[in-house]
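Trainee: the following block contains a protein sequence and its predicted model.
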Amino acid sequence: MTQPTDLSSSIIPTLREKYGELLQENVVLANYTTAKVGGPADALIVASSSQELEDIFTTLWKLNCPVRLLASGANVLFSDAGFRGVVVLNHARNVKIDLHHETPSVWAESGANLASMARQAGLRNLTGMEWATTVPGSVGGAVYGNAGAFGSNTAASLKVAEILHPTEGKQEWPVEKLEYGYRTSWLKRNPGKVIILSARFELSSGQPEAIQAKMSEFSARRRETQPQGASMGSTFKNPEGDYAARLIEAAGLKGTRVGGAQISEKHANFFINVNNATASDYYSLIQLAKSRVSEAFGVSLELEIELVGDFSVGSQKSSGNRE
Ligand SMILES: Cc1cc2nc3c(=O)[nH]c(=O)nc-3n(C[C@H](O)[C@H](O)[C@H](O)COP(=O)(O)OP(=O)(O)OC[C@H]3O[C@@H](n4cnc5c(N)ncnc54)[C@H](O)[C@@H]3O)c2cc1C
């Protein structure tokens, strides 16, 4: 594993001096992702508030240091080679609910847990984000990828996101500026260009029983249709007018296993880490699903999850490992 010379010889020593024990080195990313997969990052640093997030990113950007923000790791697949640079782990988790204005709103730092924020809003009789009580991950991850479920999504309630830009500093981006689409945004199409510090959602006042009933119904539906086990949720986006899970199942791949990664028997768009899977096991399974679905139905599946790092090496090794 080679590092850019200035990373090991100059950047990391500078960061060691600045952050001392707060800078962890050679950190295995599998411990920070929901699929429990991913090689080492050169360094990891935790940001506990949006102010810390701002300070850390300002420092790293000035040093020209390769950096990736990570929150719950529910939508990224880091390669087995890991990440050459610094991973910033977002623990900025403040949430505030404002019931005093005509339109009630919820503000949260980007590392706040989305489901917990949505539940807090529900407990204050605010409706509009019941869907989010069932989606793993952070507010920042949801704003980045337009997370959604049960017919709604982040874009539907987001009013404004506070963004940090490397040269232009802090800015308020109204929802329109994020150019949302299905599980995508300007941010996801331009990874690493800016980071989200916080977000404000506008909700409406609702009936407590109706809000609670919706939350219970959504979580029951999820338990019924989705498998347990370590995964990143849906691997591929649903193609226009169809479902990725239906296509993968129809291509005969339900239950297929590569190394320790398996296409779920319950929901074929969920790829489960059943036994110490590597990122290259996952990558081989992804390639297999893409090629079989393309051969059988002429549909080109597009990833919903993001691949980060180098997948060219390990994938060849594990493709002979198919069961
Ligand atoms: C069991 C399971 C079920 C799921 N079900 C759903 C579902 O129903 N609907 C759905 O939409 N998704 C679903 N997902 C996927 C996942 O929950 C969402 O994509 C979620 O929004 C990811 O948030 P995260 O905090 O884990 O992001 P991470 O995986 O930590 O990061 C994802 C990407 O966002 C970037 N990012 C994160 N925070 C910021 C920030 N503050 N500023 C800039 N960039 C940032 C990261 O750099 C990375 O590129 C599911 C996942 C699992 C494991």
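Mentor: Received, thanks. Residues are numbered from 1 along each chain as shown.

Trainee: need the per-residue pLDDT for the residue positioned nearest the centre of the chain.
Mentor: Centroid-nearest residue in the chain: N75, 3.4 Å away (criterion: CA atoms, centre = their mean). pLDDT for N75: 98.

Trainee: again, but for S9
Mentor: 88.

Trainee: renumber starting at 44 from here on
Mentor: That works, and once the first residue is 44, the last one we named lands at S52.

Trainee: all strands of the stretch 94-243 of the chain, in order?
Mentor: 110-113, 119-121, 126-133, 138-141, 148-152, 169-170, 191-192, 195-196, 201-208, 212-217, 238-245 (DSSP state E, counting those that start in this stretch).

Trainee: so what's the residue nearest to the centre of the chain up against?
Mentor: Shown in contact with N118 (CB atoms under 8 Å, 6 or more residues apart in numbering): G180, G184, G188, M275, G276, E347, I348, E349. In short, each C-beta sits where N, CA and C put it, glycine included.

Trainee: could you rerun that using 6 Å?
Mentor: N118 sits next to M275, I348 when contact means CB atoms under 6 Å, 6 or more residues apart in numbering.

Trainee: what sits against the closest residue to F313 other than its chain neighbours?
Mentor: Among residues not flanking F313 along the chain, S307 sits closest, at 4.2 Å (CB to CB, 6 or more residues apart in numbering). Shown in contact with S307 (CB under 6 Å, 6+ apart): P270, F313, I315.

Trainee: next one: phi and psi at the second one?
Mentor: Phi and psi for F313, reported as degrees, to the nearest 10, are phi -100, psi 120.

Trainee: so what's it bridging to?
Mentor: Bridge pairing for F313 (DSSP bridges) gives the partners S277.

Trainee: neighbours of it, just the number please.
Mentor: 22 (other CB atoms under 10 Å).

Trainee: what of the last one?
Mentor: Residue neighbour count, defined by other CB under 10 Å, stands at 22 for I315.

Trainee: that one reaches Q269, doesn't it?
Mentor: No - using CB atoms under 6 Å, I315 is not in contact with Q269, being 10.6 Å away.

Trainee: give me the nearest residue to A192, chain neighbours excluded.
Mentor: Nearest to A192 is W174, by CB to CB, 6+ apart, at 4.5 Å.

Trainee: ok so, going back, using CSV, lay out the contacts of S307 together with pLDDT and distance to A155.
Mentor: Below are the contacts of S307 laid out as CSV (pLDDT from 0 to 100; distance: CB to CB, whole Å):
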residue, pLDDT, distance to A155
P270, 96, 26
F313, 98, 25
I315, 98, 27
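
Trainee: name the nearest of those relative to the ligand.
Mentor: F313 (7.2 Å; CB to the nearest ligand atom).

Trainee: how about that closest one, what does it touch?
Mentor: F313 neighbours (CB under 6 Å, 6+ apart): P270, S274, S307.

Trainee: keep only those that also lie close to the ligand.
Mentor: S274 (CB under 6 Å from any ligand atom).

Trainee: flag the shaky bits of the protein, pLDDT-wise.
Mentor: 44-48, 356-366 (pLDDT under 70).

Trainee: spell out which residues of it are next to the ligand.
Mentor: So far as CB under 6 Å from any ligand atom goes, the chain lies against the ligand at 77, 111-119, 133, 153, 178-181, 183-185, 187-188, 190-192, 230, 234, 238-239, 274-276, 349.
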